[in-house]
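**Q** what would the 3D arrangement of this be:
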Amino acid sequence: MQQFIQSFGLPLILILVFYFLLIAPQRKKEKKIKEMRANLREGDEVVTIGGVMGKIVSIKEDVITVEVGSDKVKLKFARWAIGSVSNKKD
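**A** Numbering: from 1, shown residues only. Model (predicted):
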């Protein structure tokens, strides 16, 4: 019995530590990002994963149109390409 615990106990403990230090926080982060993308609204100021900053002017399912720059150029992005909301419009 003692040998069984020594053989499988340490690897099991390492797997649990690995899960709680790496996998669980990543899942929590992914859930938060998914929620943020689901709650995007027109007027929100966003930053894309490529670093483009602008204001959302329209949302059609998974295509988001963002107005950027002083020339008010409109660019279309997939919803998954939005990295963060810099100024949430209420």
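**Q** can you list the neighbours in contact with the lengthiest helix in the chain?
**A** Longest helix in the chain, counting residues (DSSP state H): helix 2-18. Outside helix 2-18, no residue is within contact range by CB atoms under 8 Å, 6 or more residues apart in numbering. (C-beta placed from N, C-alpha, C; glycine too.)
**Q** which stretches of this protein have low pLDDT?
**A** Scanning the chain for pLDDT under 70 picks out 1, 89-90.
**Q** check contacts around the residue sitting nearest the centre point of it.
**A** In the chain, the centroid-proximal residue (CA atoms, centre = their mean) is I33; its distance is 2.8 Å. Counting by CB under 8 Å, 6+ apart, I33 touches no other residue.
**Q** doesn't it fall inside a helix?
**A** Yes: counting by DSSP: H, G, I helix; E, B strand; the rest coil, I33 falls inside a helix.
**Q** which SSE is V46 in?
**A** strand 45-48 (DSSP states H and E).
**Q** tell me the helix or strand right after that strand.
**A** Taking DSSP H and E, what comes next after strand 45-48 is strand 53-60.
**Q** let me see the residues that make contact with that following strand.
**A** 40-47, 64-69, 74-75, 86.
**Q** which of these fall in strands?
**A** Applying DSSP state E to these, the entries found in strands are 45-47, 64-68, 74-75, 86.
**Q** buried ones among the residues you listed?
**A** 45-46, 64-66 (16 or more other CB atoms under 10 Å).
**Q** any idea how far S86 is from I59?
**A** 17 Å (CB to CB, to the nearest Å).
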